[in-house]
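In: requesting a structural model of the entry that follows:
(chains A and B)
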Amino acid sequence: MSYDEQTLEGLTKDAAEIIGRYPVKRSALLPLLHLVQSIDGYVSPDGIAFCAEQVELTSAEVSAVATFYTQYKRRPNGEYAVGVCTNTLCAIMGGDEIYRQVSERLGVGHDETTADGKVTLERLECNAACDYAPVMMINWEFFDDQTPESALKVIDDILAGKAVVPTRGANTVASFKETSRVLAGFQDGRADEDQGIGEPTLAGLKVAKDQGWKEAGK
Amino acid sequence: MTDLTPVLSATWGAENSWTLDTYTNHGGYAGLKKALAMEPTDIVAAVKDSGLRGRGGAGFPTGMKWGFLPPDDGLPRYLVVNADESEPGTCKDIPTMLSAPHTLIEGVAITSFAIGCNHAFIYVRGEVVHVYRRLMKAVEEAYAAGHLGKNIHGTGFDLDVTVHAGAGAYICGEETALLDSLEGRRGQPRLKPPFPAVAGLYARPTVVNNVESIASVPAIIDRGVDWFTSMGTERSKGMGFFSLSGHVKNPGQYEAPLGITLRELLEMAGGMREGHELKFWTPGGSSTPIFTDEHLDTPLDYESVGAAGSMLGTRALQIFDETTCVVRAVTRWTEFYKHESCGKCTPCREGTYWLALILKRLEAGTGTEADIQQLLDTCDSILGRAFCALGDGATSCITSSVKLFKEEYEAHVTQGGCPFDHSASALFEYADASDAPAIEEAHA
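Out: Predicted structure coming up:
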C-alpha cells in the first residue's frame, strides 16, 4: 500500500468505526469499498489491499466482491458521475435522446471519462424516480423531468467549473469522492438541505385534498 | 369512485416533513408507544389479522412471515429492511424515505420489538445519496429521542439500527441475495430452504421486509386492525402506493385501497397525455406481464390481477401510449435483465444474453419470423428453471407482448426496421435519429 501515513491513519480510524456497526466484520466490506472510493476516486489496488487487511480476507476475495457491483469503479472516476437513465420508461420518454446529446457534448460514451477528469458518463438503469421521467443522476442526486436543453445546461455548468443544483436533494451536488464518503455511512450534515418536494410525489395527496378525501375512519 | 387514502404519504406536504419534529407533531411514534405496552405475540397476531401482505412485490402475508421465526433461543435474530428499490417502474419507497423516513424507523422499532430483534438493518440502494442522508439523520434523531438505543422508553427493550448502502445491483432486492450482500459478499441468491426465517443473516433467524410493508405497521398498531381491513378487498387488505409513470398527465404517487382500477387512477391523474390513448401498461413493474386497455377495470388487488394473467407486484404502473414501440420497450427491459443477471444459474445468465441478442436484431429489423418463436422457446427454458425470480421476471414482458402484439414483432421483420417514430413518444420535440447507427451497446 502506498497511502501516506496521515491518509492511512484516517482510513484506519474510519474503518474501525464502520466495522463497529456490524456484528460480523465482513459486513463492513461494502461501506469500506465506498470509503476507499472517497479517497482514491475508484477502487484502487491500494484500496483493495486496505479492505482485505481490515476484514481479514484475501485481496482476490475483495476484488471478487468489488467487481460485482456497478458503483465500484475500476478506473479513476470523474469528479462528476453523470448518469442518464436509459431503462425502458425513461428511454421512451426521451432519455435516449438526452443520452445521445449529452454524450455528444462530452465527447465520451458509456463508462468513459472526459480527458480533464471532470465527468464520467453512464447509461443508467432504473433509479426509482419513474414518475419524474426522463431522469438524470449526478453523483447520485436527482435531476428530474429532463430535456436535452436542461441536461446540457447542467453539463455546461460542470464543464465551466460551476456548482450544480439537483431538482430534489441537497443544495449542490457533492463531488464523487464526497458522495462516496456519505455512502460509507459518514454524515456530511446536509440531510436538511432541500430543493423542495416534487409535484409527482404529492400528486395523490393533492387530489385527495381537492376532493376532501380522508383516509378511512378519520 | 374509490377514494384515495393517504396514510404513509399524509405528512409529505408538511414543512420539513422528514424531521422528527414534524413527524411527531402529526402523531408519529404513537404506534410505538402502544406497541411497547403490548405483548410481542399480540403485535404479530395483529399484523397477521390485518391481512397486510408484502409490499415489495411477492405479496406474502407479513405477519405470517414473522410467525415463521423459531422460538427464541436467546441468541440474536434480525430484521432487515429491503430498501433496494430497483424494479423498473417502482418509485414508492424512495419518496417515502426521502419525505418521511420516521414512518419506516417507527415500523422498524415496532417490528423488532414484536420479533425479539435487537439489531435491525436497513439496506438502501447506493444510488440515492440524499435518501441515505435523510435515513442516517432520522436514525440519529430517533436515538436521541429514546425511540432507539438502550432501554427504549423504560421497557428494557434495546434496539440498534444500522443503515447500510448497497452499491448498484438489482439482484440485491432478492431477499437472500440481499443477505449475502449485507454479509459483504457478491449479491447472489441462496438456495431455499432454509428460508431466512430459519437461517438468514449470519445464519440466524431473520425477517426481511420491504420498506412499505414495515412503514405500514405503525398505522396498523395505532389505528387498529379493523381500520386497516376496512380498506381493500376480501383478500387484499389495506392501502398501498400506486405509482403512475409514463404518458399520463400527472404521474406520481397515489395512495389508495387495494382493488382500485387503472381507470379510476387515470382519471385522478388527469388522463393520458393530451391527444393520446393508452396502448399498454405494467401493473407491477417490468417483471409483471403487460396489460392493455382491456384491463382498465381490473381491480388492482393480488387476486384479480393474478386471475387476469399478470401480477400486482410493486403497483408500479408504467403507462405507454400508442406512439410507443412494444418491441423497443421489451428489448430495453431485456437488456436490463441481462445486465442484472447475477450469473449464478445458467438458464438466467445464458437465457437473458440470448434473449437480448435476438430482441436487438428484431428491433433493428434484421431479425426473422423464426426469431419470434425462438424468443418464446428461450423464455420456456428460463421460466421455472432459474435459481430465483429474476429469470422468471425477465420472461414476463416478452411472452405477454408477443401474445398481445405479435403483429408488431412481425412488422419489424417485414419492414426491415422499426415502424415507429421514436421522437413521438418523447416529452419534448426532437428529430428522430434512430435510423443513424445505434448508440453503443449498453454496459458492453
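In: from B:F121, how far out is the closest residue to B:T206 other than its chain neighbours?
Out: Nearest residue to B:T206, sequence neighbours excluded (C-beta to C-beta, 6 or more residues apart in numbering or on different chains): B:G200, at 2.5 Å. In short, each C-beta sits where N, CA and C put it, glycine included. Separation of B:G200 from B:F121 (C-beta to C-beta, to the nearest Å): 11 Å.
In: could you report the neighbour count for residue 198?
Out: The chain I'm using is chain A. 19 (other C-beta atoms under 10 Å in any protein chain shown).
In: was after chain B, sorry
Out: If we define neighbours as other C-beta under 10 Å, then B:V198 has 15 of them.
In: try the one 4 residues further on
Out: The burial count assigned to B:Y202 is 17, neighbours taken as other C-beta under 10 Å.
In: mind listing what it touches?
Out: Shown in contact with B:Y202 (C-beta atoms under 8 Å, 6 or more residues apart in numbering or on different chains): A:23-24, B:76, B:78, B:183.
In: quick one: contacts for the residue positioned nearest the centre of chain A?
Out: What sits nearest the mean C-alpha location of chain A, by C-alpha atoms, centre = their mean, is A:W140, with 3.0 Å. Neighbouring residues of A:W140 by C-beta under 8 Å, 6+ apart: A:81, A:179, A:183, B:126-129.
In: residue in the stretch 201-350 of chain B nearest to chain A?
Out: Here the stretch 201-350 of chain B gets closest to chain A at one residue, B:G252, 2.8 Å apart by C-beta to the nearest C-beta.
In: Provide a list of residues in contact with the closest residue to that residue other than its chain neighbours.
Out: Using C-beta to C-beta, 6+ apart and skipping residues adjacent in sequence, the residue nearest B:G252 is A:A203, 2.8 Å away. Residues in contact with A:A203 (C-beta under 8 Å, 6+ apart) are A:131, B:244, B:250-254, B:269.
In: counting neighbours, which of those comes out on top?
Out: A:D131 (32 neighbours).
In: mind checking pLDDT for that one?
Out: Turning to A:D131, the model gives it a pLDDT of 98.
In: kindly report the same for B:V44.
Out: The model reports B:V44 with a pLDDT of 98.
In: report the contact partners of it.
Out: Residues near B:V44 by C-beta under 8 Å, 6+ apart: B:63, B:66-67, B:114-115.
In: in ChimeraX, how would I select the buried members of those?
Out: Those of those that count as buried under 16 or more other C-beta atoms under 10 Å in any protein chain shown are selected in ChimeraX with:
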select /B:63,66,114,115
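In: for chain A, what spans make up the helices?
Out: A:5-19, A:29-40, A:45-55, A:59-66, A:88-90, A:96-106, A:148-159, A:176-183, A:199-211 (DSSP state H).
In: any idea how far the fifth one is from the chain center?
Out: Spelled out, it's helix A:88-90. Here helix A:88-90 is found 20 Å from its chain centre; the criterion is C-alpha atoms, centre = their mean, to the nearest Å.
In: what's in contact with that helix?
Out: Contacts for helix A:88-90 (C-beta under 8 Å, 6+ apart): A:84, A:126, A:130, A:133-135, B:88-89, B:245-246, B:286, B:318, B:329, B:332-333, B:336.
In: quick one: which of these is nearest B:G168?
Out: Nearest to B:G168, judged by C-beta to C-beta, of those is A:C126 at 11.6 Å.
In: phi and psi next, for the closest one.
Out: With angles defined as degrees, to the nearest 10, A:C126 sits at phi -50, psi 130.
In: list the contacts for it?
Out: By C-beta under 8 Å, 6+ apart, A:C126 lies in contact with A:85, A:87, A:89-90, B:86-90, B:336.
In: ok, the closest residue to A:N139 other than its chain neighbours - contacts?
Out: Closest residue to A:N139 apart from its sequence neighbours, by C-beta to C-beta, 6+ apart: A:T179 at 4.5 Å. Counting by C-beta under 8 Å, 6+ apart, A:T179 touches A:139-140, B:129.
In: also B:K150?
Out: By C-beta under 8 Å, 6+ apart, the residues touching B:K150 are B:D158.
In: so it versus chain A, what's the distance?
Out: Here the criterion is C-beta to the nearest C-beta, to the nearest Å. By it, B:K150 lies 16 Å from chain A.
In: now that residue: how far from B:A431?
Out: In terms of C-beta to C-beta, B:K150 sits 64 Å off from B:A431.
In: follow-up on the earlier one: ok, the contacts of B:Y202 vs A:Y42, which is closest?
Out: Nearest member of the contacts of B:Y202 to A:Y42, counting by C-beta to C-beta, is B:E183, at 23.8 Å.
In: stretch B:83-97 close to chain A?
Out: Yes. Against chain A, stretch B:83-97 shows contacts by C-beta under 8 Å from any C-beta of the partner chain at B:85-91, B:93-95.
In: and these, which two are furthest apart?
Out: Farthest pair in these (C-beta to C-beta) is B:P88 and B:P95. Separation: 16.5 Å.
In: so what's A:V36 closest to, chain neighbours aside?
Out: For A:V36, ignoring the flanking residues on the chain, the nearest one in space by C-beta to C-beta, 6+ apart is A:G47 at 3.1 Å.
In: my guess is the one you found meets A:Q37, correct?
Out: Yes. Counting by C-beta atoms under 8 Å, A:G47 touches A:Q37, with 7.3 Å between them.
In: picking up where we left off before, which one's more surrounded, B:P88 and B:P95?
Out: Neighbours per residue (other C-beta under 10 Å) separate B:P88 from B:P95, with B:P88 holding more: 31 against 28.
In: my guess is the more buried one contacts B:V330. True?
Out: No. The pair B:P88 and B:V330 fails to qualify as a contact (C-beta under 8 Å) at a distance of 11.7 Å.
In: any low-confidence regions in the chain?
Out: Reading this off chain A. A:215-218 (pLDDT under 70).
In: that answer is for a different chain, and I need it for chain B
Out: Within chain B, the segments meeting pLDDT under 70 span B:433-444.
In: domains of it?
Out: B:20-224, B:239-321, B:326-425 (automatic domain parsing).
In: redo those as a markdown table? Include distance to A:A151.
Out: Listed next are the domains of chain B as a markdown table, based on distance: least, C-beta to C-beta, whole Å:
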| stretch | distance to A:A151 |
| --- | --- |
| domain B:20-224 | 18 |
| domain B:239-321 | 19 |
| domain B:326-425 | 16 |
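In: okay, now the domains of chain A?
Out: If you go by automatic domain parsing, chain A breaks into A:1-76+A:176-190, A:80-174.
In: now the end-to-end length of the longest one.
Out: When you say that, I think you mean domain A:80-174. In domain A:80-174, first residue to last residue: 9 Å (C-alpha to C-alpha, to the nearest Å).
In: follow-up on the earlier one: now, which of the contacts of helix A:88-90 sits nearest B:D3?
Out: Distance to B:D3 across these (C-beta to C-beta) is lowest for B:S245, with 22.1 Å.
In: B:M231: neighbour count?
Out: B:M231 - counted by other C-beta under 10 Å - has 22 other residues nearby.
In: can you pull up the bridge partners for the residue lying closest to it once chain neighbours are set aside?
Out: Spatial nearest neighbour of B:M231, chain neighbours left out: B:P257 (4.1 Å); criterion: C-beta to C-beta, 6+ apart. Beta-bridge partners recorded for B:P257 (DSSP bridges): B:M239.
In: B:P257 reaches B:T229, doesn't it?
Out: No. Contact criterion C-beta under 8 Å: B:P257 and B:T229 do not qualify, at 10.6 Å.
In: which residue of the two possesses the greater neighbour count?
Out: Per other C-beta under 10 Å, whichever of B:P257 and B:T229 has more neighbours is B:P257, with 23 against 17.
In: show me the contacts for that one.
Out: Taking C-beta under 8 Å, 6+ apart, one finds A:216, B:2-3, B:5, B:231-233, B:238-239 in contact with B:P257.
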